[in-house]
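**Q** Okay, sequence plus prediction incoming.
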Number of protein chains: 2
Amino acid sequence: MRVDGVWYRSVWVDQANFQPGDGLPRSTEPGPMEPGDGWSVHILDQTRLPWAVEILRLTEVGQIAHAIRSMQVRGAPLIGAVAAYGMALAVRADASTEAMERDAALLAATRPTAINLRWAIGRMLTRLRNTEAAERARVAYAEAALIADEDVAQCEAIGRHGAALIEAAAAQAPDRAVNVLTHCNAGWLATVDWGTALAPIYRAHDQGIDVHVWVDETRPRNQGAALTAWELGAHGVKHTVVADNAGGHLMQHGKVDLAIVGTDRVTRTGDVANKIGTYLKALAAHDNGVPFWVALPSSTIDWMVGDGVAEIPIEERDATEVTDVTGRTADGVITTVRVAAAGSPAANPAFDVTPARLVTGLITERGRCAASEAGLAGMFPDHA
Amino acid sequence: MRVDGVWYRSVWVDQANFQPGDGLPRSTEPGPMEPGDGWSVHILDQTRLPWAVEILRLTEVGQIAHAIRSMQVRGAPLIGAVAAYGMALAVRADASTEAMERDAALLAATRPTAINLRWAIGRMLTRLRNTEAAERARVAYAEAALIADEDVAQCEAIGRHGAALIEAAAAQAPDRAVNVLTHCNAGWLATVDWGTALAPIYRAHDQGIDVHVWVDETRPRNQGAALTAWELGAHGVKHTVVADNAGGHLMQHGKVDLAIVGTDRVTRTGDVANKIGTYLKALAAHDNGVPFWVALPSSTIDWMVGDGVAEIPIEERDATEVTDVTGRTADGVITTVRVAAAGSPAANPAFDVTPARLVTGLITERGRCAASEAGLAGMFPDHA
């Protein structure tokens, strides 16, 4: 999506044949590989957003693993695409089967919850195991590019299927903006482009529909206040940041027309793992008759898991993410401050699971379906 | 409760006849009025906690109004007691009826949601209107002291009635700590002593019951992470700070035995206004069969209001409380950082209303009762 008028993706390979105006963002970093080495991988450092737009050039699989682990890139679909490029960097450096399998394991261990990570690595491995070592680098770049392009196409389709919901809400309330609540960041920064939960919002906005987004700040990492607010603002979409605590109150008072969130894993029965706190918003939506939609590419569906609450492992992240907050001081310095009382311990489960019974429906690249075994099997008979 | 071994109240009048060892904390501030002017009002500056324990000496009603408005003191019962002392300072300075009524209006306008504020001011006015001007200062100090002492006695009773619940949970799980979740700060810092929601926890702990508290950080002002964690730590109670988003997940996994929160106003039908986000925790408790208790002195009950969601005014506070966070840097400087994207607006409703149907029961100074018109009328036939 747009930043300062330039259309960005959230991961891209440096183009050997880059032409100004072809729409791909470029690294502003000078270096001997410039312009256009044709193989290095570029990301926006999301730990620096919203304070600075910094492009990182990654040349080794270890840097990719670090980028995923440290959340320089985050969001299930983007993690998958970046890991695919990590496999490309890996086999470019060492195309042996032994190294390839070791690097795949390294990448798979970076984050425990997102299904797309293992999905993308598995797809790359399947392709590469059937490829001669000498051909692996070329094939890996092509496959990673395919994964990225498919993600963009899927998100664009999710945008179309979801925008219809916003359009319908606008028809019900023609004299005011449609109010959509979202949690965390499931925008283009969480995918390769468009996003999942935000794709319908971008599309509705670009179609001229008056849409306003309630942005949950999404403690403890503040991806809502930092990333979602930043990308909506950069693209020109009206929005208001609220504490995660506020959504129930807003719904009680009719200020939310629908909620749309992303997901890190959906079970075959429609249970939804997503950023911690999603379950609480789904409960509030259910209690107030507010439609609660979950947007996802089908690669996020885990066909092996039936009971999300019992079976999906929930990542426990570092306690300092809760006790400490990073932001920018009035004079522009990025600073971390402790907010919790000295000596008090903290716990930090990163995701929760929303039972399917609380989900109005799923918005996928193929269309909308019920969050149930029947709904998913009907939409994806080839997978179920 | 104890801080560094000294038993504190959260508001006290400087004692003219102070004796070391009588248990009242003293201002450490040097000045001509020391020791013991007998009339100045002392508070802990809660905007400085948990980073510094600073005692403020207030000598004018305007300082009291500022302390309430700026949340140097907060918590419904404490606001009532401090406002009562504000009336004492007011009539000490000018005992005319005109000035008294004007200062009462000034104090009543400082915070819109808490019922105790208007209750305490009303009680003081009733007493003072029936008192000769020359006697008003003496009567006002006595009445304010009575309000404070009654609050301590009520909270102590709430502690007794609530500790029985923790005792019962401990009997069910003798091999581990009882896990209590709380939201915001309804501890002794929110009352004159003991607290409301935390009073049962302090009593259970002091009785030797193994109790552990999940402390919601309580964005946007972080009163949980800052104040509740601080006071539990100072008194030696086990606790863990969590993001407000985490409670539902903890309940889904059996990690919460009961929830206890305070309240700023309870309707005669049992609806509960409390810090924003309380409603979400009540929904999660209901969905997971976790008992959800609300602790309050009866002065918090608004017998005039039936429908909490429709009728209780919800204070909208400054957006910077959401976009900016204050904490302490590694080198000890209290600093405010912006966490939201530059230019993104924010909304900040400070309270929400939990419908009575989600509340397991109320813990009052007279005992426990159902959160319903019948439950409250049965417990308080003299008020209903």
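**A** That came through, no problem.
**Q** and after the helix or strand of chain A with the lowest mean pLDDT, which helix or strand comes next?
**A** Lowest on mean pLDDT, DSSP states H and E among the helices and strands of chain A sits strand A:6-7, with a mean of 82. The helix or strand immediately downstream of strand A:6-7 is strand A:11-13, counting by DSSP states H and E.
**Q** centre of the chain versus that following strand, how much separation?
**A** Put simply, strand A:11-13 sits 16 Å off its chain's centre (Cα atoms, centre = their mean, to the nearest Å).
**Q** Within the sheet, what are the partner strands of that strand, with directions?
**A** Strand pairing for strand A:11-13, using DSSP bridges, gives strand A:41-44 (antiparallel).
**Q** Mean confidence (pLDDT) on whichever helix in chain A runs longest, please.
**A** Assignment by DSSP state H gives helix A:136-172 as the longest helix of chain A. For helix A:136-172, mean pLDDT is 96.
**Q** All the strands of the stretch 251-384 of chain A, residue numbers only.
**A** For the stretch 251-384 of chain A, the strands defined by DSSP state E, counting those that start in this stretch occupy A:258-261, A:265-267, A:272-275, A:292-295, A:301-302, A:324-328, A:334-338, A:351-354, A:361-364, A:367-369.
**Q** could the ones you listed go into CSV alongside mean pLDDT?
**A** Conversion of the strands of the stretch 251-384 of chain A to CSV gives the following (pLDDT from 0 to 100):
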stretch, mean pLDDT
strand A:258-261, 98
strand A:265-267, 95
strand A:272-275, 97
strand A:292-295, 98
strand A:301-302, 92
strand A:324-328, 95
strand A:334-338, 96
strand A:351-354, 98
strand A:361-364, 98
strand A:367-369, 98
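**Q** Please produce JSON lines containing these, extended by distance to chain B and mean neighbour count.
**A** In this view, the C-beta of every residue, glycine as well, is placed from N, C-alpha and C. JSON lines is the format used below for the strands of the stretch 251-384 of chain A (distance: least, Cβ to the nearest Cβ, whole Å; neighbours: other Cβ atoms under 10 Å in any protein chain shown):
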{"stretch": "strand A:258-261", "distance to chain B": "12", "mean neighbour count": "25"}
{"stretch": "strand A:265-267", "distance to chain B": "14", "mean neighbour count": "26"}
{"stretch": "strand A:272-275", "distance to chain B": "8", "mean neighbour count": "28"}
{"stretch": "strand A:292-295", "distance to chain B": "13", "mean neighbour count": "26"}
{"stretch": "strand A:301-302", "distance to chain B": "18", "mean neighbour count": "22"}
{"stretch": "strand A:324-328", "distance to chain B": "3", "mean neighbour count": "21"}
{"stretch": "strand A:334-338", "distance to chain B": "3", "mean neighbour count": "17"}
{"stretch": "strand A:351-354", "distance to chain B": "4", "mean neighbour count": "28"}
{"stretch": "strand A:361-364", "distance to chain B": "20", "mean neighbour count": "25"}
{"stretch": "strand A:367-369", "distance to chain B": "24", "mean neighbour count": "17"}
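**Q** if we can go back for a sec, partner strands of the least confident helix or strand of chain A, parallel or antiparallel?
**A** Paired strands of strand A:6-7, with direction, are strand A:2-3 (antiparallel) (DSSP bridges).
**Q** sorry, back to before: so which of the strands of the stretch 251-384 of chain A is nearest B:Arg219?
**A** Nearest to B:Arg219, of all these, is strand A:324-328, at 10.0 Å by Cβ to Cβ.
**Q** which other helices and strands contact the closest one?
**A** Where contact means 3 or more Cβ pairs under 8 Å, 6 or more residues apart in numbering or on different chains; DSSP states H and E, strand A:324-328 is packed against strand A:334-338, strand B:324-328, strand B:334-338.
**Q** Output those strands in a markdown table; the columns should cover distance to B:Pro349.
**A** Compiled in a markdown table, the helices and strands packed on strand A:324-328 are given as follows (distance: least, Cβ to Cβ, whole Å):
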| stretch | distance to B:Pro349 |
| --- | --- |
| strand A:334-338 | 25 |
| strand B:324-328 | 17 |
| strand B:334-338 | 20 |
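**Q** nearest to B:Lys255, of the ones you listed?
**A** The closest of the helices and strands packed on strand A:324-328 to B:Lys255 is strand A:334-338. By Cβ to Cβ, the value is 24.7 Å.
**Q** What is the closest one packed up against?
**A** Secondary-structure packing of strand A:334-338 (3+ Cβ pairs under 8 Å, 6+ apart): strand A:324-328, strand B:324-328, strand B:334-338.
**Q** Let's see that with 10 Å instead.
**A** Where contact means 3 or more Cβ pairs under 10 Å, 6 or more residues apart in numbering or on different chains; DSSP states H and E, strand A:334-338 is packed against helix A:320-323, strand A:324-328, strand B:324-328, strand B:334-338.
**Q** quick check, distance from the third one to the centre of its chain.
**A** It stands for strand B:324-328. 22 Å.
**Q** near chain B, which residues of the stretch 51-200 of chain A?
**A** Taking Cβ under 10 Å from any Cβ of the partner chain as the contact definition, the stretch 51-200 of chain A meets chain B at A:51, A:183-184.
**Q** got a markdown table for those residues, with secondary structure, pLDDT and distance to A:Ala374 too?
**A** Listed next are these as a markdown table, based on DSSP: H, G, I helix; E, B strand; the rest coil; pLDDT from 0 to 100; distance: Cβ to Cβ, whole Å:
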| residue | secondary structure | pLDDT | distance to A:Ala374 |
| --- | --- | --- | --- |
| A:Trp51 | coil | 89 | 46 |
| A:His183 | coil | 98 | 26 |
| A:Cys184 | coil | 97 | 28 |
